[in-house]
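Trainee: Need the 3D shape of this:
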Amino acid sequence: MHARRMVAVAIAAVLAFASAASAEVKTRELDYKQGDTVLAGLIAWDDAAKSKRPGVLVVHEWWGHNEHARNQAKRLAEAGYVGFALDMYGKGKVATHAKDAEAFMNEATKNPAALAARFNAALELLKQDPRVDSKKIAAIGYCFGGSVVLGRARAGADLAAVVSVHGALATKSPAEKGKVKARVLVLTGAADPMIPPEQVDAFNAEMTAAGAKFQVVSYQGAGHSFTNPAADKAGMDALAYNAEADKKSWAAMLELFKEVLR
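Mentor: Coordinates of the predicted model:
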């Protein structure tokens, strides 16, 4: 009997391994439009999952739709979500120099209505994906993208959660009382000169006054762009990758998603 049980356990282990091995993150490039602007996106999913699952939009840093955003979409797929790295600038507008990134960002943000429309175009695409449970959608944003997703939360977007990672917290359009529907998580670097303590304090006061359900987590020693391994190559003193903050912020985000998307 003992031998039979050992064989059964061994077979179960082999089957479990085979099932895990069959899991495969797949990606698809897609062009889509908002108005006359062609945008480029990447959607990622685990092909082994058969049921519909929550979707998560990924809004890029000020550099544009680059590998950092695309990699985050793939990591979300590995975690059991459908990740969609969207494009807020326009196809091909990806910067490697700060001046270009600033120009792209300024162009995108000069028209708030167009910025919201580009976000919403991606949101509708994600909701229409046959793998996605359209009632369970979240959005995450990095740096520039963090300010974008917070803007959507402030505007009352119907999202389960938004997560800003080393994103700007200041705004000219603060949240009105009772308007924020999404759970809000802000993950910021305590040593980030671009997001100083007074900006964090003002955000806390804003969200509290608005009655939002939110949390702010600051990582000691972490500067700006702490989740991007390429940050140290940008030639900007404020930007620095921080492996510990990267790991902890990703875990904090997934913990929130387990609560609000499952």
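Trainee: For the closest residue to N228 other than its chain neighbours, grab the count of nearby residues.
Mentor: Nearest residue to N228, sequence neighbours excluded (C-beta to C-beta, 6 or more residues apart in numbering): H68, at 4.9 Å. To be clear about C-beta, it is placed using only N, CA and C from the backbone, and glycine gets the same treatment. For H68, the tally of surrounding residues (other C-beta atoms under 10 Å) stands at 22.
Trainee: and if you look at A103?
Mentor: Under the neighbour criterion other C-beta under 10 Å, A103 is assigned a count of 15.
Trainee: Apart from its chain neighbours, what residue comes closest to it?
Mentor: Closest residue to A103 in three dimensions, ignoring its sequence neighbours and counting by C-beta to C-beta, 6+ apart: A95, at 7.9 Å.
Trainee: What ranges does the chain have for its strands?
Mentor: Taking DSSP state E as the criterion, the chain contains strands spanning 25-34, 37-46, 53-59, 82-85, 132-142, 161-165, 183-189, 214-219.
Trainee: With mean neighbour count and mean pLDDT added, can I get those strands in TSV?
Mentor: Written out in TSV, the entries for the strands of the chain read as follows (neighbours: other C-beta atoms under 10 Å; pLDDT from 0 to 100):
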stretch	mean neighbour count	mean pLDDT
strand 25-34	13	96
strand 37-46	21	97
strand 53-59	27	98
strand 82-85	27	98
strand 132-142	22	98
strand 161-165	29	98
strand 183-189	25	98
strand 214-219	17	98
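Trainee: could those be laid out in TSV, adding distance to L125?
Mentor: Rendered in TSV, the data for the strands of the chain read as follows (distance: least, C-beta to C-beta, whole Å):
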stretch	distance to L125
strand 25-34	6
strand 37-46	7
strand 53-59	9
strand 82-85	7
strand 132-142	10
strand 161-165	18
strand 183-189	23
strand 214-219	27
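Trainee: so which of those strands gets nearest Q199?
Mentor: Set against Q199 and scored by C-beta to C-beta, the strands of the chain come closest in strand 183-189, at 8.9 Å.
Trainee: and the angle from the closest one to strand 161-165?
Mentor: Computed with axes from the mean of the first three to the mean of the last three C-alpha atoms, to 10 degrees, the direction of strand 183-189 lies at 10 degrees from that of strand 161-165.
Trainee: List the neighbouring strands of strand 183-189 plus their orientation.
Mentor: For strand 183-189, the paired strands and their directions (DSSP bridges) are strand 161-165 (parallel), strand 214-219 (parallel).
Trainee: can you list those strands in a markdown table and add distance to E107?
Mentor: Supplementary listing: the strands paired with strand 183-189 in a markdown table, determined by distance: least, C-beta to C-beta, whole Å:
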| stretch | distance to E107 |
| --- | --- |
| strand 161-165 | 21 |
| strand 214-219 | 30 |
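Trainee: At the geometric centre of the chain, which residue do we find?
Mentor: In the chain, the C-alpha closest to the average C-alpha coordinate belongs to I140, at a distance of 2.4 Å (C-alpha atoms, centre = their mean).
Trainee: quick one: contacts for the nearest residue to that residue once chain neighbours are set aside?
Mentor: What sits nearest to I140 in space, not counting adjacent residues and going by C-beta to C-beta, 6+ apart, is V163, at 4.3 Å. By C-beta atoms under 8 Å, 6 or more residues apart in numbering, the contact set of V163 is 138-141, 149, 184-187, 253, 256.
Trainee: In CSV, list these along with distance to L115.
Mentor: As requested, the contacts of V163 are arranged in CSV below (distance: C-beta to C-beta, whole Å):
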residue, distance to L115
A138, 19
A139, 13
I140, 17
G141, 12
V149, 11
V184, 19
L185, 21
V186, 20
L187, 22
M253, 23
L256, 24
